[in-house]
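Visitor: Using only what follows, build the 3D model:
(2 chains)
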Amino acid sequence: MNRRHFLKTSAGAGVLLSSGMGHFFTDLYAFSNESNLSQVEARYYTKHPDREIECELCPRLCKLGDKERGYCGVRENMGGTYYTLVYGKVCTSNVDPIEKKPFFHFLPGKTALSIATAGCNVNCKFCQNWEISQVRPEQIRHVDLSPSEVVDTARHYHSPVIAYTYSEPIVFYEYMYDTSVLARKIGIKNVVVTGGHVQPEPLKELIKVVDAIKVDLKSFSQDFYTEYVRGELKPVLEAIKIISRSPIWLEIVYLVIPTLNDSDEEIKHLSQWILKEIGPNVPIHFSRFQPMYLLKNLPPTPQSTLEKARTIARKEGINYVYIGNIPGHEAENTYCPNCQNLAIERRGYRIQRNNLKDGKCKFCSHPIPGVWA
Amino acid sequence: MPRRRVLTGPGMKSTFYVKGICMSKVVIVRSRLRGRPETGGYHQLPSMFRKGFECLTGRKQWSASPAMVPDQKNRIGIKINTIGGRMISTLPETSLTLAKVLAESGIEEKNLIIWDRTNRELKEAGHKLNIKGNSIKVFGTDTQGVGYSSGLLAHLNIGSLFSLIQSRHITASISLAILKDHGLAGVTAGMKNYFGAIHNPNKYHDNHCDPYIAELFDSSLIKSKHRMTILDALTIQFHRGPSYHAEWADNYGALIFSKDPVAADRVGWQIIEKLRAAKGLPTLKEEHREPVYLHTADRMGLGTANLNKIQLIETEV
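Guide: As a prediction, this is how the structure comes out:
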């Protein structure tokens, strides 16, 4: 697919915004030419003797012999040099409302050109996008888009934001980084939607070129991470702390899965940790689980469970607690923690009313943290 | 006494009893002319395969008799391992010879499929792709129109799409795998070879591939179709695998046969340890990468990893 076709198809995708339709040209069962993968040297790895390498991008620290790929499936050791196979290989794209990411305190009502490549460095049993995140890049169709073409595309659709999302952007780190640098030069902002399974050094470098990061915190229990995520909790918490202490904006999503990570105690501990380590002003979204991928034996999260989680978090002192994936719920709105008035009214991904003025509640002038313009 | 069969159905017995102990048979056939094609070792392959089948089945002489294969309409998949390039892969000399020897037993050539993940890897190992109707087929899962199943197969800790070659095209399978040291799994051999039958093997290398290798093998699409393991130990990478390193590769010149997939790999592991010891290298256990998945496979009842329960037959041609 060339860029002209891409833009044409993207326009179609943009039309689908209101119906909430998502990705386009994702086709798991078609095969692209394997030789069409990128061969751009990866960052953050160490060369070892005998053509072995150690990847230092994420906490897995994959040690790989020649011809082997990392856990993510998109980075390969070729003769002792480590390459990313997905640089510029966009498998999914759409122009989304920023609320869909979700970012509720970052340019509300704006759109984000959202892109992804194949691959992920964990394997969540409840993954909603497993058809792109849990496959190798040669197993799905993709379009070649250089960083400058991504920026041009965002400009073409008047999107003030580029979002790296859908799969796990950390695994296409080099592409995301280079695109962000170019985008920033012309005033387009960059946001990242990640599981936060990343090493501190690359994260700190990324923070220098992006504007906001949303972290999917899957649970507050290592057992859950071991069993259902195949990853580690500690590095994710560390990543959240690093982001929170940086100048960029942070939001957290917690997918509440019935009986697995929804206990009052876990939500309470999570809230207490956020309050202690980050403070009361980071938005946290408790989202509804839908049976997916390898976790189909559980029902969707009851609304009451999400409401209880919200109550616990607010009781612990967190100011901005939202409920996700239940369109029309009052907890989609932002309320001023000072006067309790409605600050931003939302319905689904749409902004119905915005009562902020210069980042402050128009009723009481209390500052609402976020990036508002 | 009934005649033994080489490729029998799912109910075949891979074990027998000696003094009340359940035993598995593993046959090692070594070539007097060891080594790769350039050293002249490969012209002995037909007799090595025949000898292996003879020893495994207990028949005095290998025969092309149709009785050896009860269902000649079986479509036999020969799953090979070509990730290592020309130097340390199942080469066409080996896989095509096996196919020809199987054809001697009455299986029609058109029903023999030599396969692996990708056409690129097959070609890099020297294979010539072929999908012509009446001949032995050679192709990868990424062949246009093949691909992976559309539905996930979830089994224990495995959740994968399976190659349609494994799930649809073949009815019985031989794992013709390279025997190698593996930096993560410890040993890669006949069982791990089936990682090439799924779309996401990269997700199953944690914890020395344990329990993933065993659990994948235990899945219905593998276990119900697997008939025999043949380890290509003509050249063994006994250290720094799975890629090729000449200084740690041994021209062992053997093929290893077993109907017990765990026993075959266990014997392969033992050989790797012996080659390592001969070079003064530490054991895999000392390097903290013992192939524990074999013990898991044993516990799951897929075969035996206990050397005391393996009847080892070593022969030479």
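Visitor: sec struct for the residue in chain A that chain B sits nearest to, please.
Guide: Closest contact between chain A and chain B, by CB to the nearest CB, is at A:Asp66 (3.6 Å). Backbone N, C-alpha and C define where each C-beta goes, glycine included. Under DSSP: H, G, I helix; E, B strand; the rest coil, A:Asp66 falls in the coil class.
Visitor: Counting neighbours, what do you get for the closest residue to it other than its chain neighbours?
Guide: Leaving aside its chain neighbours, A:Asp66 sits nearest to B:Ser243 (3.6 Å; criterion: CB to CB, 6 or more residues apart in numbering or on different chains). By the criterion of other CB atoms under 10 Å in any protein chain shown, B:Ser243 has 25 neighbours.
Visitor: Can you tell me how far B:Ser243 is from A:Ala116?
Guide: Using CB to CB, to the nearest Å, B:Ser243 is found at 30 Å from A:Ala116.
Visitor: A:Pro137 too?
Guide: 11 Å.
Visitor: B:Glu121 touches B:Ile83, doesn't it?
Guide: Yes: counting by CB atoms under 8 Å, B:Ile83 is a contact partner of B:Glu121 at 5.8 Å.
Visitor: out of A:Pro137 and A:Ala116, which sits in the busier spot?
Guide: A:Ala116 (30 against 25).
Visitor: Now do the contacts for the more buried one.
Guide: By CB atoms under 8 Å, 6 or more residues apart in numbering or on different chains, A:Ala116 lies in contact with A:Val90, A:Cys91, A:Thr92, A:Ser93, A:Asn129, A:Ile132, A:Tyr164, A:Thr165, A:Tyr166, A:Ser167, A:Pro169, A:Phe172.
Visitor: Name whatever forms a beta bridge with it.
Guide: A:Thr92 (DSSP bridges).
Visitor: Please enumerate the helices of the chain.
Guide: Here I'm looking at chain A. A:3-15, A:130-133, A:147-156, A:173-185, A:200-207, A:222-224, A:233-244, A:264-277, A:303-316 (DSSP state H).
Visitor: wait, chain B
Guide: Going by DSSP H, chain B shows helices at B:45-57, B:92-104, B:119-124, B:164, B:212-218, B:220-223, B:261-278, B:293-299.
Visitor: Show me what the fourth one is in contact with.
Guide: Outside of helix B:164, the residues that reach it under the criterion CB under 8 Å, 6+ apart are B:Thr141, B:Val146, B:Gly147, B:Tyr148, B:Ser149.
Visitor: any idea how far it is from the chain center?
Guide: Relative to its chain's centre, helix B:164 lies at 19 Å (CA atoms, centre = their mean, to the nearest Å).
Visitor: Check the spacing between the residue of chain B found nearest chain A and B:Gly84 real quick.
Guide: Nearest residue of chain B to chain A (CB to the nearest CB) works out as B:Ser243 at 3.6 Å. According to CB to CB, B:Ser243 and B:Gly84 sit 6 Å apart.
Visitor: what's the overlap in contacts for these two?
Guide: A:Lys67, B:Gln237.
Visitor: Now list whatever residues contact both of B:Glu121 and B:Ile83.
Guide: B:Ser89.
Visitor: winner for burial among the helices of chain B?
Guide: Counting by mean count of other CB atoms under 10 Å in any protein chain shown, helix B:212-218 has the highest mean neighbour count of those, with a mean of 25.
Visitor: quick one: that helix near chain A?
Guide: No: judged by CB under 8 Å from any CB of the partner chain, helix B:212-218 and chain A are separated, with a smallest distance of 10.8 Å.
Visitor: wait, A:Val135 sits on B:His199?
Guide: Yes: with contact defined as CB under 8 Å, A:Val135 counts as touching B:His199 (6.1 Å).
Visitor: Flag the shaky bits of chain B, pLDDT-wise.
Guide: Applying pLDDT under 70 to chain B flags the ranges B:1-15, B:17-20, B:33-41, B:60-72.
Visitor: what's the neighbour count on A:Val143?
Guide: 22.
Visitor: Just the buried residues from the contacts of helix B:164, in ChimeraX please.
Guide: Typed into ChimeraX, the next command selects the buried ones out of the contacts of helix B:164 (criterion: 16 or more other CB atoms under 10 Å in any protein chain shown):
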select /B:141,146,147,148,149
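Visitor: for B:Gly159, what are its contacts?
Guide: B:Gly159 sits in contact with A:Lys125, A:Tyr293, A:Leu294, B:Leu152, B:Leu153, where contact means CB under 8 Å, 6+ apart.
Visitor: That should have said B:His155, apologies.
Guide: B:Glu215, B:Leu216, B:Asp218, B:Ser219, B:Ser220.
Visitor: Equivalent analysis for B:Leu96, please.
Guide: B:Ile114, B:Ile136.
Visitor: go with 10 Å
Guide: B:Leu45, B:Ile78, B:Leu112, B:Ile114, B:His127, B:Lys128, B:Ile136, B:Val138 (CB atoms under 10 Å, 6 or more residues apart in numbering or on different chains).
Visitor: And A:Ala331, by the same measure?
Guide: Per CB under 10 Å, 6+ apart, neighbours of A:Ala331: A:His285, A:Phe286, A:Gln303, A:Leu306, A:Glu307, A:Arg310, A:Arg314, A:Val321, A:Tyr322, A:Ile323, A:Gly324, A:Arg346.
Visitor: Count the neighbours of the residue lying closest to B:Gln237 once chain neighbours are set aside for me.
Guide: Spatial nearest neighbour of B:Gln237, excluding adjacent residues (CB to CB, 6+ apart): B:Lys180 at 4.3 Å. When counting by other CB under 10 Å, one arrives at 32 neighbours for B:Lys180.
Visitor: okay if I get the contacts of B:Gly159 as CSV plus distance to A:Ile213 and neighbour count?
Guide: Output for the contacts of B:Gly159, formatted as CSV (distance: CB to CB, whole Å; neighbours: other CB atoms under 10 Å in any protein chain shown):
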residue, distance to A:Ile213, neighbour count
A:Lys125, 24, 19
A:Tyr293, 24, 19
A:Leu294, 27, 20
B:Leu152, 30, 20
B:Leu153, 35, 17
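Visitor: Now go through the residues you listed and say which are in strands.
Guide: Within the contacts of B:Gly159, residues falling in strands by DSSP state E are B:Leu153.
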